[in-house]
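1. Curious how this folds, go ahead:
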Amino acid sequence: MTHLMKLVRNILMICMVLSFVQATAQEAPLLGSWQLVSHVSCLEEASGQDSQEAVLRRDMQTRSSASAQVVTFKEKAKGVQSSRILNTSRVANSRNFLYRYNGELLLILDKKSQTITDSYFVEKLSADSLVVSSRSRPCDTRIFVKIHP
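-> Take a look at the predicted model:
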């Protein structure tokens with residue numbers, strides 16, 4: 001019996017180590033600074049490309065600020081954003097946030113209360129691009145490119 005218990009204990013230890021390595025490996029590609037290059041809202045998707053509303057909306061977007069919208073994912077599940085990009089709810093400090101990433105879902109947490117403020121499906125994550133869509137509104141899609149490792 002003792003050999004069986006040792007074997008079970010060793011298997012459990014190996015499983016725990018592998019799950020920890022997998023969790024840190026999933027977070028690794030996300031680390032770094034990402035610049036928002038495209039944001040397609042549900043309203044834009046519903047309206048046609050040739051409608052007057054779409055033309056007016058594109059014109060208004062070209063007049064927005066020239067500063068880059070950047071999100072930085074740091075180690076220890078901390079993040080910083082230049083403006084309200086991912087964290088859309090009204091929190092005290094919308095620039096700093098916490099996050100959790102499990103390979104398919106990106107959760108944005110309030111830094112103070114650690115409650116989930118927003119959640120996103122990660123549609124694509126590669127070395128240089130990140131595509132996420134809102135979990136509550138799947139037609140709301142954001143495309144990022146990596147600017148710093």
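2. Low-confidence ranges, this protein, go.
-> Judged by pLDDT under 70, the chain has its weakly predicted residues at 1, 5, 7-8, 10-28, 43-51, 54-66, 84, 87-94, 148-149.
3. which residues of it fall in strands?
-> Assigned by DSSP state E, the chain shows strands spanning 32-40, 70-73, 78-81, 96-101, 105-109, 116-125, 129-134, 141-148.
4. Tell me which of those strands approaches Q52 most closely.
-> strand 32-40 (18.5 Å; C-beta to C-beta). The C-beta positions use only the backbone N, C-alpha and C, and glycine is treated the same way.
5. picking up where we left off before, same list as before, the strands of the chain that is, but in JSON lines and with distance to H3 and mean neighbour count included.
-> Output for these, formatted as JSON lines (distance: least, C-beta to C-beta, whole Å; neighbours: other C-beta atoms under 10 Å):
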{"stretch": "strand 32-40", "distance to H3": "47", "mean neighbour count": "16"}
{"stretch": "strand 70-73", "distance to H3": "45", "mean neighbour count": "19"}
{"stretch": "strand 78-81", "distance to H3": "45", "mean neighbour count": "17"}
{"stretch": "strand 96-101", "distance to H3": "39", "mean neighbour count": "18"}
{"stretch": "strand 105-109", "distance to H3": "41", "mean neighbour count": "19"}
{"stretch": "strand 116-125", "distance to H3": "43", "mean neighbour count": "17"}
{"stretch": "strand 129-134", "distance to H3": "48", "mean neighbour count": "18"}
{"stretch": "strand 141-148", "distance to H3": "50", "mean neighbour count": "17"}
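6. In a markdown table, list the ones you listed along with distance to R9.
-> As requested, the strands of the chain are exported to a markdown table (distance: least, C-beta to C-beta, whole Å):
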| stretch | distance to R9 |
| --- | --- |
| strand 32-40 | 38 |
| strand 70-73 | 36 |
| strand 78-81 | 35 |
| strand 96-101 | 29 |
| strand 105-109 | 32 |
| strand 116-125 | 35 |
| strand 129-134 | 40 |
| strand 141-148 | 41 |
